[in-house]
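[1] Based on what follows, work out the 3D shape:
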Amino acid sequence: MFRDDSTSSRIEILRFPLIVGVVFIHNYDTTVRLTDGSFGLAQNGVWVDFIRFFISQGVARVAVPLFFLISGYLFFLGGWSRDKYASKLKRRFHTLLIPYLFWNLVVLAYHLVGEEIPQAKAYATGLYMQDIHSFSLFHNINAWFGITAGYPVSIQFWFIRDLMALILLSPLIHFLLARKPALLFLCILFGIWLFLPGDEVWQNTADALFCFCLGSYLSQTEKNVLYLDKSGFWISAIFLGLLILNSAFPDSPFVLRKVVIIFGVPSVWWLAGFADRNDKWKSWLTGLGSASFFVFAAHEPLLTIFRKLSYKLFAPTSGAAILALYLLIPICLVTLLVALHRCLLKTMPSFLGFITGSSYRSYRQRA
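    Residues are numbered from 1 along each chain as shown. Purely as a prediction, here's the structure:
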């Protein structure tokens with residue numbers, strides 16, 4: 001059981017906005033390349049780059065660490081035992097593994113079709129999208145799990161892949177966090193997360209490990225996750241100031257981005273409290289939350305297709321046009337996917353439950 005109603009409500013409220021943040025992260029780039037040799041290279045103005053960075057590389061970057069933190073918190077909610085671990089593994093088979101396999105299969109099939117249809121090939125490019133018909137056993141495994149590229153063929157599912165790995169490692173995580181050196185262990189992970197250089201794949205791994213373990217620690221030690229609310233205004237003010245600074249100087253050391261996230265996570269958590277106290281916002285965001293996993297799972301490669309078509313049709317060059325596409329493409333896509341989710345919920349609820357694990361996705365049941 002949740003230790004307070006506000007924690008439960010805030011998690012439900014945040015599910016959908018955080019997924020929208022993930023979509024905006026993936027919509028950040030303004031260069032669109034096609035396999036026929038054409039490409040769209042938008043010439044951005046300073047103010048357009050500032051807004052794009054502020055949203056996609058600033059506010060939205062809080063989403064993934066917060067998702068891992070919540071996942072670790074929920075997994076260890078209700079205590080730890082071998083029986084509980086076995087029960088939770090069984091549930092995650094339905095909520096994580098089945099959707100993971102299904103959506104990667106869908107994207108592989110999509111790219112296979114793209115190889116066969118010349119008109120569609122330009123819109124079916126990606127990490128693994130060359131000569132799929134001739135894939136070896138290793139190439140197939142690599143496409144499913146992203147061994148060399150760091151991402152599976154359905155790129156957003158790196159999050160689910162890493163989450164499943166952490167869940168399998170949770171007995172070790174519990175062992176390390178249930179002892180006195182737990183804080184030392186977390187400090188080491190924090191240092192690695194904060195200062196680790198390298199590419200985005202390593203950064204994702206550091207996000208996953210530190211934030212999941214931090215959430216696990218807060219759950220196992222029964223820490224009050226609303227404690228920072230009393231300083232929420234000042235934390236959010238610092239977050240906003242650092243975010244503006246980082247957006248104005250995007251080439252600043254990567255450590256600044258991590259510091260922005262440090263202040264961003266409690267800021268977003270605090271802001272969710274306002275929605276929790278407003279019945280209309282709470283009802284609206286909680287209702288949209290049921291579509292969050294479907295939007296997450298289906299937004300790529302649809303987002304890539306939307307971007308390529310939009311840039312080819314409109315060929316934006318002015319700052320206003322670039323910014324309009326940057327904002328409208330994710331909004332239109334998310335709206336479409338929410339509508340499709342509702343349609344499937346009415347017409348094929350069992351199938352929708354199978355591909356999203358929604359029949360098991362009550363956060364209360366997860367505990």
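
[2] When you work out contacts or count neighbours from here on, use the C-alpha atoms and nothing else.
    Noted.

[3] Surely residue 311 and residue 32 touch.
    Yes - using CA atoms under 8 Å, residue 311 is in contact with residue 32, at 7.2 Å.

[4] Neighbour count for these two, which is higher?
    Applying other CA atoms under 10 Å to residue 311 and residue 32 shows that residue 311 carries more neighbours, namely 21 against 17.

[5] how about the more buried one, secondary structure?
    helix (DSSP: H, G, I helix; E, B strand; the rest coil).

[6] I'd like to know how far the spatially closest residue to residue 177 that is not a sequence neighbour sits from residue 76.
    Nearest non-adjacent residue to residue 177, counting by CA to CA, 6 or more residues apart in numbering: residue 217, 6.2 Å away. In this view, residue 217 and residue 76 are 8 Å apart by CA to CA, to the nearest Å.

[7] Ok, residue 87 next?
    For residue 87 relative to residue 76 (CA to CA), the value is 12 Å.

[8] which one of the two has more residues nearby?
    residue 76 (24 against 13).

[9] Give me the below-cutoff pLDDT ranges for this structure.
    1-4, 33-44, 118-134, 136, 198-199, 359-367 (pLDDT under 70).

[10] That one: strands as residue ranges?
    Assigned by DSSP state E, the strands in the chain fall at 31-33, 39-41.

[11] How about the contacts made by residue 89?
    Contact analysis of residue 89 by CA atoms under 8 Å, 6 or more residues apart in numbering lists residue 167.

[12] ok, now how distant is it from residue 102?
    18 Å.

[13] Check residue 229 too.
    40 Å.

[14] same check, this time on residue 150
    19 Å.

[15] Which one's more surrounded, the two?
    residue 150 (18 against 15).

[16] Spit out the contact partners of that one.
    158, 201.

[17] try residue 71
    Neighbours of residue 71 in contact, by CA under 8 Å, 6+ apart: 212, 215.

[18] Now with 7 Å, please.
    residue 212 (CA atoms under 7 Å, 6 or more residues apart in numbering).

[19] do residue 216 as well
    Neighbour list for residue 216: 72, 73, 76 [criterion: CA under 7 Å, 6+ apart].

[20] Just name the closest of these to residue 321, please.
    Distance to residue 321 across the contacts of residue 216 (CA to CA) is lowest for residue 72, with 40.8 Å.

[21] how far out from the middle of the chain is stretch 62-77?
    Chain-centre distance of stretch 62-77: 11 Å, with CA atoms, centre = their mean, to the nearest Å.

[22] er, stretch 294-304 I mean
    11 Å.

[23] Any idea how many residues pack against the residue nearest to residue 10 when sequence neighbours are not counted?
    Leaving aside its chain neighbours, residue 10 sits nearest to residue 272 (5.7 Å; criterion: CA to CA, 6+ apart). Residues contacting residue 272 under the criterion other CA under 10 Å number 22.

[24] Is residue 272 in contact with residue 12, as I believe?
    No - look at residue 272 against residue 12 with CA atoms under 7 Å: they stay out of range, at 9.7 Å.

[25] related to what we said a few turns ago, dump the residue contacts of the residue nearest to residue 10.
    Here residue 272 is in contact with 10, 13, 14 (CA under 7 Å, 6+ apart).

[26] Let's have those residues in a markdown table, adding neighbour count and distance to residue 277.
    Formatted as a markdown table, those follow (neighbours: other CA atoms under 10 Å; distance: CA to CA, whole Å):
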| residue | neighbour count | distance to residue 277 |
| --- | --- | --- |
| 10 | 22 | 10 |
| 13 | 25 | 11 |
| 14 | 25 | 14 |
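
[27] Dump those into a markdown table; add distance to residue 183 as well.
    Output for the contacts of residue 272, formatted as a markdown table (distance: CA to CA, whole Å):
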| residue | distance to residue 183 |
| --- | --- |
| 10 | 26 |
| 13 | 30 |
| 14 | 27 |
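
[28] among these, which are in helices?
    If you go by DSSP state H, the contacts of residue 272 have 10, 13, 14 in helices.

[29] How about the contacts made by the first one?
    So that's residue 10. 272, 273, 276.

[30] Save the residues you listed as a markdown table, and put in distance to residue 97 too.
    A markdown table is the format used below for the contacts of residue 10 (distance: CA to CA, whole Å):
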| residue | distance to residue 97 |
| --- | --- |
| 272 | 29 |
| 273 | 32 |
| 276 | 31 |
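
[31] so which of the residues you listed comes closest to residue 55?
    residue 272 (17.6 Å).

[32] how close does residue 328 sit to residue 310?
    Taken as CA to CA, the span from residue 328 to residue 310 is 10 Å.

[33] quick one: which of the two has more around it?
    residue 310 (16 against 12).

[34] Can you report how many residues lie near the spatially closest residue to that one that is not a sequence neighbour?
    Among residues not flanking residue 310 along the chain, residue 325 sits closest, at 7.6 Å (CA to CA, 6+ apart). Residue 325: 19 surrounding residues under other CA under 10 Å.

[35] and if you look at residue 276?
    23.

[36] From residue 17, how far off is the nearest residue to it once chain neighbours are set aside?
    Nearest non-adjacent residue to residue 276, counting by CA to CA, 6+ apart: residue 282, 5.3 Å away. According to CA to CA, residue 282 and residue 17 sit 12 Å apart.

[37] Give me the more crowded residue out of those two.
    Taking other CA under 10 Å, residue 282 and residue 17 do not tie; residue 282 has more neighbours (21 against 17).

[38] which ones are touching that one?
    Taking CA under 7 Å, 6+ apart, we find residue 282 in contact with 13, 275, 276.

[39] mind running it again at 10 Å?
    9, 10, 12, 13, 14, 272, 273, 274, 275, 276, 288 (CA atoms under 10 Å, 6 or more residues apart in numbering).
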